[in-house]
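Q: Here you go, sequence then predicted model.
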Amino acid sequence: MKKVKYILTVAVFALILFGFAVGQVFLPDKDRSYTERRELARAPEVTAKAVFNREFSDKLETYLLDQFPLRERFRQLNATFRFYGLRQLDSNGIYIKEGTVFKTETSTNEEQIRYGAAFYTALIDGYLKDCNVYYTVVPDKGWFVRDLGYPHLDYDLLYDIMENDVKGAGFIDIRDTLSLDKYYRTDTHWKQPDLFDTVQKLGDAMGVGEALTPESDYTPHTLFPFNGVYMQQSAVPMEGDDLVYLTSEYTESAAVSGPMYKYDTVYVPELFEGMDGYDVFLGGSQPIIEIECPNAKTDRELYIFRDSFGSSLAPLFTGAYAKITVIDLRYVTTAYLPTYVTFTPGADVLLINSTLVLNTAMIMR
């Protein structure tokens, strides 16, 4: 009897292995992993040189891991077991607290932050001397749970450096306008419909507070499910967020262009099903975007130097500025700015990046 059980166990195990092997061979390869937001490895080319210098075997191993059948299901099972079976506090730096997903930040890079402050000052001295320059810092979600004992950035140090080392610009502290519930549960970003207090504080500081479009004049549009980057990195099955974007007569009439911008509106709903649903706002990562606002209540101009947080913020200024130029210096260097942008004397400038970007500030060039 024991022998029969042994044979059956071996047979079932062999059948499973055979099934996965057959699946690996005959199932079509996938181009990308939407949950991990990356391209998946493709089958390596077989050459004598590659085989003998181990290049082929290394690429083959990566390919087999990336294209393994039911790979996403196994990721989910593994993550679920770690969080709820083993009761681990985090998995690969991701932790979940009361249904909200966070990412631990284990180190504060003072050198990078000081670089960011010096970079701001050099940008102002080099290009923005004739403009009214303001800057703010967007706190990441970890700022709101910094007392829970998880590793997080040294926010006091970061804000002290930015406030003391940036020269030639006025600092606008927006932390008192934000709270954890104004961020997506599954993602790093803030929610556009919850930004009116933030926009008002920024607008008041820049002198356009009365020209801002009131919340009542916006129409919400909901897309579901928005499976944010932290949820996808954690691989734990959970319900996605509602992604809501707001339209008004000003956003609808805005004409949008840019050297690499493929769309003509500030919102691109068709990108919601792509690699990152947040790309609905301003088409995702773009180096330079110009927004002409013919119905704006003023003839003033605004330049926003931003990271991805600024994508959902910029459309809320379309009623207050006749022209908004949005620049992401992670994707275009300052040396190329004169080629694409002419800074109008007397215009307003807002430098806005998150604590996460400032902690890796050398990605700005």
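A: Received it, and whenever you're ready, just let me know what you need.
Q: how near is the closest residue in space to residue 134 that isn't next to it in sequence to residue 355?
A: Spatial nearest neighbour of residue 134, excluding adjacent residues (CB to CB, 6 or more residues apart in numbering): residue 170 at 4.8 Å. Bear in mind the C-beta positions are built from the backbone N, C-alpha and C, glycine included. Between residue 170 and residue 355 the computed distance is 19 Å (CB to CB, to the nearest Å).
Q: For these two, indicate the residue with more neighbours.
A: residue 355 (22 against 12; other CB atoms under 10 Å).
Q: wait, doesn't the more buried one sit right on residue 140?
A: Yes: in this structure, residue 355 is within contact of residue 140 by CB atoms under 8 Å, at 4.9 Å.
Q: Flag every buried residue along stretch 106-120.
A: Of the residues in stretch 106-120, those buried by neighbour count under the rule 16 or more other CB atoms under 10 Å are 108, 109, 112, 113, 115, 116, 117, 119, 120.
Q: Domain ranges for this protein, per the record?
A: 2-83, 103-363 (automatic domain parsing).
Q: Between those domains, which one is closest to residue 95.
A: For those, distance to residue 95 was read as CB to CB. The smallest value, 6.2 Å, belongs to domain 103-363.
Q: now do the same end-to-end measure for that closest one.
A: 20 Å (CA to CA, to the nearest Å).
Q: what is the mean pLDDT for it?
A: On average, the pLDDT along domain 103-363 is 95.
Q: what's near enough to touch the closest residue in space to residue 133 that isn't next to it in sequence?
A: Leaving aside its sequence neighbours, residue 133 sits nearest to residue 169 (CB to CB, 6+ apart; 4.0 Å). By CB atoms under 8 Å, 6 or more residues apart in numbering, the residues touching residue 169 are 120, 124, 133, 134, 135, 349, 351.
Q: In helices only, show me these.
A: 120, 124 (DSSP state H).
Q: For the contacts of residue 169, which single residue is the most surrounded?
A: Per-residue neighbour counts (other CB under 10 Å) across the contacts of residue 169 peak at residue 351, which has 27 neighbours.
Q: Can you spell out which residues form a bridge with it?
A: residue 135, residue 305 (DSSP bridges).
Q: just wondering, since we're on it, how far is it from residue 248?
A: In terms of CB to CB, residue 351 sits 25 Å off from residue 248.
Q: What ranges does the protein have for its strands?
A: 32-33, 38-39, 94-97, 100-103, 132-138, 170-171, 219-226, 241-247, 255-257, 288-292, 301-306, 323-327, 348-354 (DSSP state E).
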